[in-house]
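[1] Fold the stuff below for me.
(one chain, ligands or ions: 3)
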Amino acid sequence: MSSSLTDLPVRGGNITAATLPDAERKGLTKKEIAADHPTWCPGCGDFSVLALYFKLIEKRKLWHEKVTTIAGIGCSSRFPYFVQAHGAHYIHGRALPFASGISLSRPDLHVFVFGGDGDAFSIGGNHFNHTARKNIKMTYVVMDNWVYGLTKKQTSPTSPIGFKSKTDITGAMDQPINPMKQAISAGATFVARTTHTNPNHVLQMMEAAMDHDGFSFVECLSECVEFYEGAFDASNPRKGGVFNSVPADHDVTDEIAAYKLAGEPFPGHFGIFYKNNRPTKNANEQKIIAAAREKVTGLKDWQILQKNFDRLK
Ligand SMILES: Cc1ncc(C[n+]2csc(CCOP(=O)(O)OP(=O)(O)O)c2C)c(N)n1
Ligand code: SF4
Ligand SMILES: [Mg+2]
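    Numbers count the residues shown, from 1 in each chain. Ligands and ions are numbered 1, 2, ... in the order given. I've put the predicted structure just below:
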C-alpha cells in the first residue's frame, strides 16, 4: 500500500486506514461510502441499485482508493454523486471512453460505470459498441427504465412500440434496441441481466461482473415510477409477474444460445447469458508496453513517448 495515499482527501475525511496492510483493513461501511442523499423520486428503482453497490463495496472490501464510479448524464447517471469514492459525472453518452482511459492507465482500480438506457444506447451507442469490442476491463451497469427520466419522458431506444411519450404522442413506432443482443453482438465478454426488484440477484450479477477480466455488461431493469410506472410488473412476482432465472443447463460460452435467450419476449430470463475469456485491451497494451521497454532500457516512460512522437514528425 503506497504511503502517499495516507492523506488522500475524500469528502467526509482522510483515508487514514490506507496505511494499514490490506488484510488488517476493515471493509467500508455504508456510512463511509455513502455521500450525498440521493435526489431520485421516492420509489425510483435506482435506489436499490445504489444500495446494492454499497453492499458490494462493503462485502468485497473495495476501499475508497481502489474503486472508481463513472457515469454520463441522466437520473441514473447521478450515481457517482451519491458514492463517497473517486469518480466522475461525465458528459452525456461519454462515460465509457472516459472510463476506458482510467481502466487502461490504472489496472489496479475497479472501474464501475452506471447510467441509463438513453445514455448507453442513444447518444452513447457507438461508444458502447467500441468499448465492448475492445474488451476494456470495467463493469458497466445500465439502469434500463425504457424512458428518458431526467428530461421528463421522451422515448428512449429501449421504449417498446406503442409507448406514449413527449416525443411520440401517438406511441413509439421504432423497433427498440435489445440491450442483451446488442452487447453480445458488439463483443462484450460478460453479459448479464437483472432487475432492481430482486436485490440478491442484482448483487450476485454485479459481483460476478466485477470478477470478470474484461468488459462486463449488466442490464438492470430499474423502474421509473414517475414516467413509466409498472413497466416491469410482468417480471415482478410481487406484482403478479414471473422472475425466471437463466435455465440451469444454459451454456454461457455458447454465443448463439445466449442470443436466443436474449430474443425471448418480456419478461424473459435473468442471470448470466454469455461469458468468454478473450484477452482484454488492457493485457494486449501491456504486452506492447513491455516489448517497447525491453528495446529502450534506461529511458523513462515520458522519454519513450517522446521518441514515438518524434518519429511522427
Ligand atoms: C449532449 C446532450 N444532449 C442531450 C442532453 C439532455 N439529456 C440529459 S439526460 C438525457 C436522457 C437520459 O435518459 P437515460 O440515459 O435513459 O437516463 P434516465 O434519466 O432515464 O435514468 C438527455 C437527452 C444532454 N444533457 N446532453
Ligand atoms: S424521474 Fe424516473 S428515473 Fe428519474 S428519479 Fe424520478 S423515478 Fe427515477
Ligand atoms: Mg432511462
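
[2] contacts, neighbours, all on C-alpha from now
    Fine.

[3] so residue 225 touches residue 47, yeah?
    No. At 11.7 Å, residue 225 does not count as touching residue 47 under the criterion of CA atoms under 8 Å.

[4] More neighbours: the two, which one.
    When neighbours are counted by other CA atoms under 10 Å, residue 225 and residue 47 differ, and residue 47 comes out ahead with 19 against 16.

[5] Give the helix, strand or coil label for that one.
    Counting by DSSP: H, G, I helix; E, B strand; the rest coil, the backbone at residue 47 sits in helix.

[6] Against residue 224, how distant is it?
    11 Å (CA to CA, to the nearest Å).

[7] List the buried residues in stretch 111-123.
    For stretch 111-123, burial by neighbour count (16 or more other CA atoms under 10 Å) applies to 111-122.

[8] which bits of the stretch 1-150 of the chain sit near ligand 1?
    Within reach of ligand 1 by CA under 6 Å from any ligand atom, the stretch 1-150 of the chain has these residues: 73-76, 92, 116-119, 145, 147-150.

[9] check whether stretch 84-102 contacts ligand 3.
    No. Stretch 84-102 does not reach ligand 3 (CA under 5 Å from the ion); its nearest approach is 12.1 Å.

[10] Distance from the chain centre to that stretch, please.
    The chain centroid and the centroid of stretch 84-102 are separated by 10 Å under CA atoms, centre = their mean, to the nearest Å.

[11] Stretch 49-56 and ligand 2 in contact?
    No. Contact of stretch 49-56 with ligand 2 (CA under 6 Å from any ligand atom) is absent, the minimum separation being 11.5 Å.

[12] pLDDT of that stretch, averaged?
    Taken as a whole, stretch 49-56 carries a mean pLDDT of 97.

[13] tell me which residues in that stretch are buried?
    49-50, 52-56.

[14] wait, which of the residues you listed is closest to residue 154?
    Ranked by distance to residue 154 (CA to CA), the buried residues of stretch 49-56 are led by residue 49 at 22.6 Å.

[15] How confident was the prediction at residue 295?
    83.

[16] ignore the last one, residue 305
    Listed pLDDT for residue 305 reads 83.

[17] Secondary structure element holding it?
    Using DSSP states H and E, residue 305 falls within helix 301-312.

[18] so what's residue 209 up against?
    Neighbouring residues of residue 209 by CA atoms under 8 Å, 6 or more residues apart in numbering: 139, 190, 216-218.

[19] before we move on, what about residue 63?
    27-28, 57.

[20] Could you pick out the buried ones from the residues you listed?
    In terms of neighbour count (16+ other CA under 10 Å), the buried residues within the contacts of residue 63 are 27-28, 57.

[21] wait, which of the residues you listed is closest to ligand 3?
    residue 57 (24.6 Å; CA to the ion).

[22] Is it correct that the closest one is in contact with residue 32?
    No. If you go by CA under 8 Å, residue 57 and residue 32 don't touch, sitting 10.6 Å apart.

[23] mind giving me the domain split of this structure?
    Following automatic domain parsing, one gets these domains for the chain: 3-278, 279-313.

[24] Close to ligand 2: what parts of the stretch 201-313 of the chain are there?
    So the stretch 201-313 of the chain meets ligand 2 at 224-227 (CA under 6 Å from any ligand atom).

[25] Most neighbours out of the residues you listed, which is it?
    Highest neighbour count within those, by other CA under 10 Å: residue 224, with 28 neighbours.

[26] How about the backbone phi and psi for it?
    Main-chain dihedrals, residue 224, degrees, to the nearest 10: phi -90, psi 100.
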